[in-house]
Each structure stands twice: as C-alpha cells, then as structure tokens.
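K.L.:
Sequence first, then the predicted structure, then my questions.
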Amino acid sequence: MALSLPRTRRPPVFYGWWIVVATSVMLAFLAGSVFWSFSFLVSPVRAELGWSAGAIAGAYLIQGVVGAIQSPIAGALFDRFGPRVVASGGIFIGGLGLLLLSQAHSLPHFYIAYALAGTGLVSVFATAIPAVGNWFLHRRGLALGLATAGIALAGVMAPVVVVLVDWVGWRATLAVLALATWIFMLPLALVLRRRPEEYNMLPDGVSAVAESRGAVGMTGDRGVVEGATTAEALRRREFWFLGFCFTMGFWAIGSIQVHQAPYLEGAGISRELAAATVTALSLVTVLGRVLFGWLADRFDLRVLTGVALAIQTVGIVVFAQVDGSRTWLLLPFLLLFSPALGGLMVLQPSAQGWYFGRRAFGTLSGINYAVGTISWAGGPYLLGLIYDWMGDYRPGLFLLAALCLTGIPALLGLAKHR
C-alpha cells in the first residue's frame with residue numbers, strides 16, 4: 001500500500017527519501033530479474049536451443065530498441081500525469097514478458113518476450129529517477145546515488161538465479177521471477193510522486209522560511225518549476241554533448257553485463273567464481289554511485305565525468321587480461337570498472353538536472369535514455385558478433401575501451417558546472 005502523504009504539515013521524514021527507498025528496491029529487483037540474470041541465461045539457453053551467443057544477445061539489442069522508443073514516451077507521460085500509472089503499467093507488462101520468456105522455443109518469441117520483460121525496468125527508470133530529481137535540488141546527487149544503488153544491489157540476485165537455474169531450470173526460474181514482479185513491485189510503484197510542490201512541500205524538505213530566504217533555488221512561487229522546456233533544452237549544445245559523452249561510456253557497461261559470465265567461464269574461470277564476480281561487480285558500483293553522487297553536489301560535473309570515463313577504460317583493459325592463470329586481475333578490474341560504472345549512472349541525471357532544471361526532467365530523461373540505449377543495448381550484440389566471428393572476446397573488449405575514451409573530448413563542449 002502507498003504511504004499516506006500529508007498536505008498541510010511537514011512530515012518527520014521528508015517524503016522524497018521514501019521515493020528514494022522505493023526506487024532503489026524496484027530497480028534492484030527489476031534489474032536483477034531482467035538484466036543481471038541475463039548473463040546466466042546465455043549458457044543454458046544456448047545448450048538447450050542451440051542458438052549462438054550473438055543470436056541470444058540480439059534479444060538485448062531488440063529490448064534496447066524498444067526501450068529507446070518507450071522511454072521518451074514514458075518520460076513525457078511522467079511530466080504530464082505523474083509516475084504511478086506509468087510505472088505500474090510497465091511493471092505489469094514486464095512481469096508478463098518474463099512469463100512469456102519462460103515459454104520461448106523460437107528466436108522471434110524469445111526476442112519479443114524479452115523486449116516486454118524489459119518494459120518494467122524502463123518504465124520505473126523513466127519515471128522514478130525523474131521523480132527523485134524533482135524532489136531534491138541541493139542533495140540531488142546523493143539522492144540519485146542512493147536511488148540508483150538499487151541497480152547495483154541487483155547483482156545479489158545473480159547467485160540466486162544460478163541456484164534456481166541449476167535446481168529447476170531456466171524456464172521455471174523466469175516464471176518465478178514473473179510472479180514475484182507482480183506481487184512485490186506493483187505496490188511499491190504507488191509510493192512514487194511527481195513533485196513536492198503538488199503536496200505543499202519543497203525540494204530537499206526545506207521549510208517555508210528557507211524558501212523565503214532563497215535557499216532552494218526557486219522562483220519563490222511554488223507553482224513555478226525552474227528549468228528549460230524540452231524544446232529549449234534540445235536547442236542547446238550541452239544536451240547533445242552530454243548525450244554523446246555518456247553514450248560512449250555505456251558501450252562497455254551493457255556488453256560486460258551480458259557477456260561477463262560467458263567470457264570468464266570460457267577463460268577458465270569456474271561458474272561459481274564467475275557468479276561471485278558478477279555479484280561483486282554490481283555491489284562495488286554502490287561505492288561509485290554514492291561517492292560520485294556526493295561529489296556531484298560539490299564539484300565540477302565535467303571533471304568527475306572525465307575521471308569516471310578514464311577509470312572505466314583502464315578497468316576494461318584489465319578485464320581483457322583475465323584468464324584461468326590470472327584470476328587475481330579480477331580484483332583490480334572490480335575496483336576500477338565498478339565504481340566508474342556506478343559514477344556514470346549518477347552523473348548523467350545529475351548533469352541533466354544542473355544544466356536544464358526540473359521543468360521537463362521526465363521528458364529529457366526519456367530522451368537521454370533513448371540516446372544511451374544505442375550503445376547500452378547495441379554493445380552486447382556487437383561484442384557477441386565479434387566473439388562469434390573471432391572466437392575471442394578480447395578484441396571486442398579493446399574496442400569498447402577505445403569507444404569509452406572518445407567520450408572525454410565531448411566534455412570540452414560543456415559550460416563550466418561550478
């Protein structure tokens with residue numbers, strides 16, 4: 001059941017933090033069910049149905065295309081109607097997609113079902129993240145870091161998925177995840193709210209006295225939300241430079257999420273250690289999300305983004321050197337790639353909020369998600385094709401590292417943040 005939201009008095013805990021908690025939990029479960037677990041479906045699906053790694057990873061690409069179309073629409077609906085209806089509808093369809101995926105026997109069926117399964121996560125990300133951005137100004141970076149930490153915590157589902165797949169098979173595992181999605185995630189979607197001003201509150205939970213002193217960076221009229229319209233933002237070069245920068249950084253993220261387990265198993269790493277590495281990778285990103293979120297409230301976002309991209313590049317190169325005789329390289333890989341991944345996930349919405357404000361936060365987030373999906377979803381497909389062609393993941397990993405570096409020069413086209 002959704003929490004009651006007082007309209008006339010200030011609650012003991014600012015409601016924005018409840019939105020952060022609900023967002024984090026939903027992202028943790030949905031990302032774990034749809035994306036982090038996908039890496040451990042590749043091998044059993046390939047063994048049962050005889051499909052290639054590239055063909056299976058094609059589902060990731062198609063879901064990304066569907067998500068790219070869906071997210072701007074969901075963002076626009078968020079700005080107009082609020083997040084609850086959009087997120088709830090997406091979660092229901094996502095659960096249905098997982099159930100259909102458990103019955104797949106052909107590639108078209110597999111692709112369509114996986115595209116539907118991703119609808120829940122896309123809907124929540126396209127509505128809950130803008131909601132968090134709207135409920136915070138001066139603590140936006142930290143709030144976004146904590147909210148998106150749910151995606152990182154999703155990695156704890158990897159060992160659970162491995163056990164379920166080994167115990168009851170991949171089909172029954174997906175059916176269980178579908179039922180859990182409907183039972184546990186739909187109530188949490190009702191916690192979401194669009195803006196604090198609609199409930200006689202202010203961003204960050206500041207008081208009316210603070211508002212009168214100009215502490216919240218608003219116009220003084222609670223009915224007026226600061227920031228650029230969608231059309232104004234699209235005419236500014238910062239929007240497109242930011243889109244290019246983060247798109248280049250996302251090529252490796254989706255690729256390693258999908259192919260991490262198959263790559264490690266093929267390099268002589270045990271299935272158990274591969275599962276532990278997937279979990280560790282996701283958990284360590286929490287450090288990056290919270291740390292970069294805290295730093296984003298205090299330092300130049302351009303510098304922070306450049307640092308994250310550089311660290312991620314080094315992490316990819318280290319990952320490409322891992323094999324059965326050099327398992328120790330997994331530690332520096334995790335300590336480099338994971339925090340950088342988490343940082344990029346927080347810095348993108350933080351930068352959007354800083355440069356364009358809250359007026360069209362949902363619509364702009366949806367457009368940014370669509371742009372980023374080009375690489376996030378296309379990367380796994382590209383890496384799978386390179387592996388099928390060359391029989392080795394390493395050339396593809398080096399290509400991903402090079403693409404990541406190309407995002408850094410785009411930061412020079414941004415106005416100074418602080």
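P.N.:
Yep, it's here. Owing to the predicted nature of the structure, the values given are computational and were not obtained by experimental measurement.
K.L.:
what about residue 348, neighbour count?
P.N.:
Neighbours of residue 348 under the rule other CB atoms under 10 Å: 26. Using the backbone N, CA and C atoms, a C-beta is placed for each residue, glycine as well.
K.L.:
same check, this time on residue 324
P.N.:
11.
K.L.:
How about it: what's its closest non-neighbour residue?
P.N.:
residue 268 (2.6 Å; CB to CB, 6 or more residues apart in numbering).
K.L.:
for that neighbour, phi and psi?
P.N.:
The phi/psi pair for residue 268 (degrees, to the nearest 10) reads phi 100, psi 10.
K.L.:
I'd like the distance between it and residue 144.
P.N.:
Distance from residue 268 to residue 144, counting by CB to CB, to the nearest Å: 38 Å.
K.L.:
who has more neighbours, those two?
P.N.:
Neighbour tally, residue 268 and residue 144, criterion other CB under 10 Å: the higher count belongs to residue 144, 29 against 12.
K.L.:
quick one, what contacts the more buried one?
P.N.:
If a contact means CB atoms under 8 Å, 6 or more residues apart in numbering, then residue 144 has 129, 132, 133, 136, 293, 296, 346, 349, 350 as its contacts.
K.L.:
can you list the weak-confidence ranges in the stretch 1-150 of the chain?
P.N.:
Residues of the stretch 1-150 of the chain that meet the criterion pLDDT under 70 lie in 1-11.
K.L.:
As a check, name the ranges of all strands in it.
P.N.:
Ranges of strands within the stretch 1-150 of the chain: none, based on DSSP state E, counting those that start in this stretch.
K.L.:
Residue 406 versus residue 67, what's the distance?
P.N.:
23 Å.
K.L.:
for residue 119, same thing?
P.N.:
From residue 119 to residue 406 the distance is 31 Å (CB to CB).
K.L.:
Could you dump the contacts of residue 144 into JSON lines with distance to residue 200 and neighbour count added?
P.N.:
As requested, the contacts of residue 144 are exported to JSON lines (distance: CB to CB, whole Å; neighbours: other CB atoms under 10 Å):
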{"residue": "129", "distance to residue 200": "24", "neighbour count": "26"}
{"residue": "132", "distance to residue 200": "19", "neighbour count": "26"}
{"residue": "133", "distance to residue 200": "20", "neighbour count": "25"}
{"residue": "136", "distance to residue 200": "17", "neighbour count": "26"}
{"residue": "293", "distance to residue 200": "27", "neighbour count": "27"}
{"residue": "296", "distance to residue 200": "28", "neighbour count": "27"}
{"residue": "346", "distance to residue 200": "29", "neighbour count": "31"}
{"residue": "349", "distance to residue 200": "25", "neighbour count": "26"}
{"residue": "350", "distance to residue 200": "26", "neighbour count": "27"}
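K.L.:
would TSV of those with distance to residue 245 be doable?
P.N.:
Converted to TSV, the contacts of residue 144 look like this (distance: CB to CB, whole Å):
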residue	distance to residue 245
129	18
132	22
133	19
136	23
293	18
296	15
346	14
349	14
350	13
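K.L.:
quick one on the thing from earlier: of residue 67 and residue 406, who's got more company?
P.N.:
Between residue 67 and residue 406, residue 67 has the larger neighbour count (other CB under 10 Å), namely 25 against 15.
K.L.:
Tell me the spacing between that one and residue 270.
P.N.:
Counting by CB to CB, the gap from residue 67 to residue 270 is 33 Å.
K.L.:
How about residue 46?
P.N.:
Separation of residue 46 from residue 270 (CB to CB): 18 Å.
K.L.:
Comparing those two, which shows the higher neighbour count?
P.N.:
Shown here are residue 46 and residue 270; by other CB under 10 Å, residue 46 has more neighbours (15 against 12).
K.L.:
I'd say the more buried one and residue 53 touch.
P.N.:
Yes. Assessed by CB atoms under 8 Å, residue 46 is found in contact with residue 53 at 6.7 Å.
K.L.:
In stretch 40-60, which residues are buried?
P.N.:
Residues 40-43, 45, 51, 53-60 are the ones in stretch 40-60 that count as buried (16 or more other CB atoms under 10 Å).
K.L.:
What lies in contact with stretch 75-83?
P.N.:
The contact list for stretch 75-83 (CB under 8 Å, 6+ apart) reads 85-86, 126-128, 130-131, 189, 192-194, 360-367, 369.
K.L.:
same thing but 10 Å
P.N.:
Here stretch 75-83 makes contact (CB atoms under 10 Å, 6 or more residues apart in numbering) with 19, 23, 74, 84-87, 89, 123-131, 134, 189-195, 198, 230, 358-370.
K.L.:
For PyMOL, write the selection for the buried entries among those.
P.N.:
A single PyMOL command selects the buried members of the contacts of stretch 75-83 (16+ other CB under 10 Å):
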select buried, resi 19+23+74+84+85+86+87+89+123+124+125+126+127+128+129+130+131+134+189+190+191+192+193+194+195+230+358+359+360+361+362+363+364+365+366+367+368+369+370
